[in-house]
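Asks: sequence plus predicted model, see below.
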Amino acid sequence: MTRYAVLVTALFMLAVPALAQGLDAPESEIETSTAPLKTYPSPFTKALAERFDRPVDPLKKLEMTGYGRTEMITLILISSESAKPWDELIKERGKGTKLRKIAEDAGLNYNDIFRRSEQIRKEINATLPPKPEKPASP
């Protein structure tokens, strides 16, 4: 028990000066782990909607829930090239159904769809302005 009390006291004595330094630091020097809020839809999603003449809101919703760029393009291609309605595809994907199964159930070759999705993603990315570089940390 005595060792525990000594250890806690030592840690406390080390922590107080460290905390005091952090509190006295100018606001611009305090690092945070919180990234600035991302605005939705992203420029990529806007360009994707425009390229396929789709409304941006359904794509924005997918983006906000974590769908990837290639994933969104793949779903658009499956929807465009099959009789499956968009909402049905999204519902299936939301249940965790693999994109391969969704494409094959729609009578499409998944590998072909995926390759085209990757190419389209690269083409859209090439039209976007480069991301700003993060400042180097001190």
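Replies: Here it is on my side, so go on. Numbers count the residues shown, from 1 in each chain.
Asks: so what's the closest residue to Glu81 other than its chain neighbours up against?
Replies: Spatially, and ignoring its direct neighbours in sequence, Glu81 is nearest to Leu108 (5.9 Å; Cβ to Cβ, 6 or more residues apart in numbering). All C-beta spots, glycine's among them, are computed from the backbone N, C-alpha and C. Leu108 makes contacts with Ile78, Glu81, Ser82, as judged by Cβ atoms under 8 Å, 6 or more residues apart in numbering.
Asks: now Leu108, what's its secondary structure?
Replies: coil (DSSP: H, G, I helix; E, B strand; the rest coil).
Asks: most neighbours among the contacts of Leu108, which one is it?
Replies: Ile78 (25 neighbours; other Cβ atoms under 10 Å).
Asks: what's the helix or strand for that one?
Replies: helix 69-81 (DSSP states H and E).
Asks: so which bits of that helix are buried?
Replies: Arg69, Thr70, Glu71, Met72, Ile73, Thr74, Leu75, Ile76, Leu77, Ile78, Ser79 (16 or more other Cβ atoms under 10 Å).
Asks: which elements pack onto the next helix or strand after it?
Replies: Sequence-wise, the next helix or strand downstream of helix 69-81 (DSSP H and E) is helix 86-94. Applying 3 or more Cβ pairs under 8 Å, 6 or more residues apart in numbering; DSSP states H and E, we find helix 86-94 packed against helix 56-64, helix 69-81, helix 99-105.
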